[in-house]
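> The sequence isn't on hand, but the structure is:
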Ligand SMILES: Nc1ncnc2c1ncn2[C@@H]1O[C@H](COP(=O)(O)OP(=O)(O)O)[C@@H](O)[C@H]1O
Ligand SMILES: Cc1ncsc1CCOP(=O)(O)O
Ligand SMILES: [Mg+2]
């Protein structure tokens, strides 16, 4: 598994993060063994991408003025063959739909990580998900994330009670129903940063998405048990698990099925 490679190589993960959860994202990437760097300044993007091994773009608190910075970040990463991960927070909202369409005209994304409502948008479906939360009625279908992967040519990680990881051809389901993760705002953003950390050490982005999702699920379960299912205590416990979890624990705990 790639976790020990991350802990040996300490890849640098450049994030255009949202302003709500960026501390969780930075802490989680660091606890895992990678090295986070957050930036919003267009003038420094070329030198920042140059020292990075993966780029994660989160549109959670996007602004029209940041579009040129995000295009530059993605294009330089594409040219350097550095993986680019998109977290398309609430992409089904009209303004955000237009923003992401303009961004995707200029940038090739290698992995897209979102909840079921966000992923359904890339398959051309207008889902009922409200804001940042998913539409649980569409969560369990694998056909939708597969279609999203085919249309975007990106690996899709659709998260929910069951996570789906697919490149449009092969797909895996990771059973991960953890209400404490679901209710903790930022857990999805954190997973997108962790996917970036895995994609930084391999060119197999499907494997990177699968292993990152297994890790998050296993760490979430161990952390929830430690805090006796108290949601407000989860994040610190989750960070402890990201720091200490072993590949053996992940393999023992994860419930993974290839479709
Ligand atoms: N019942 C659940 N519903 C949603 N997410 C869940 C659930 N159980 C565990 N999770 C995990 O919570 C994290 C956040 O997922 P999700 O809420 O879908 O993304 P976002 O936070 O971007 O909306 C993911 O790692 C996901 O696997
Ligand atoms: C609440 C909120 N609003 C804009 S970004 C954000 C955080 C999103 O967190 P997540 O996508 O992990 O639920
Ligand atoms: Mg999200």
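Received, thanks. Owing to the predicted nature of the structure, the values given are computational and were not obtained by experimental measurement. Ligands and ions are numbered 1, 2, ... in the order given.
> which SS class is the residue in the chain that ligand 1 sits nearest to?
The chain approaches ligand 1 most closely through residue 188 (2.2 Å), counting by CB to the nearest ligand atom. (Each C-beta comes from the backbone N, C-alpha and C, glycine too.) Classification of residue 188 by DSSP: H, G, I helix; E, B strand; the rest coil places it in helix.
> which ones are touching the residue most central in space within the chain?
Residue closest to the average C-alpha location in the chain (CA atoms, centre = their mean): residue 192, at 1.8 Å. Shown in contact with residue 192 (CB atoms under 8 Å, 6 or more residues apart in numbering): 25, 56, 58, 85, 87, 113.
> where's the fourth one, which helix or strand?
Translated: residue 85. Using DSSP states H and E, residue 85 sits within strand 84-87.
> just checking, what packs against the helix or strand just after that strand?
The first helix or strand that comes after strand 84-87 along the chain, using DSSP H and E, is helix 94-106. Judged by 3 or more CB pairs under 8 Å, 6 or more residues apart in numbering; DSSP states H and E, helix 94-106 is in contact with helix 67-79.
> Okay, buried residues for the helix it packs on please.
In terms of neighbour count (16 or more other CB atoms under 10 Å), helix 67-79 has its buried residues at 69-78.
> got the angle for it vs helix 94-106?
Put simply, helix 67-79 runs at 40 degrees to helix 94-106, going by axes from the mean of the first three to the mean of the last three CA atoms, to 10 degrees.
> Off-centre distance for helix 67-79?
18 Å (CA atoms, centre = their mean, to the nearest Å).
> average model confidence for that helix?
Regarding helix 67-79, the rounded mean pLDDT is 98.
> I'd like to check what contacts that helix. Which residues are they?
Residues contacting helix 67-79 (CB under 8 Å, 6+ apart): 14, 16, 40-42, 45-46, 48-50, 52, 55, 57, 59, 83-84, 99, 102-103, 106-109.
> picking up where we left off before, from residue 55, how far out is the residue of the chain closest to ligand 1?
Separation of residue 188 from residue 55 (CB to CB, to the nearest Å): 18 Å.
> So between these two, which is more surrounded?
residue 55 (32 against 25; other CB atoms under 10 Å).
> Excluding chain neighbours, what is closest to the more buried one?
In this structure, residue 55 finds its nearest non-sequential neighbour in residue 77, 4.4 Å apart by CB to CB, 6 or more residues apart in numbering.
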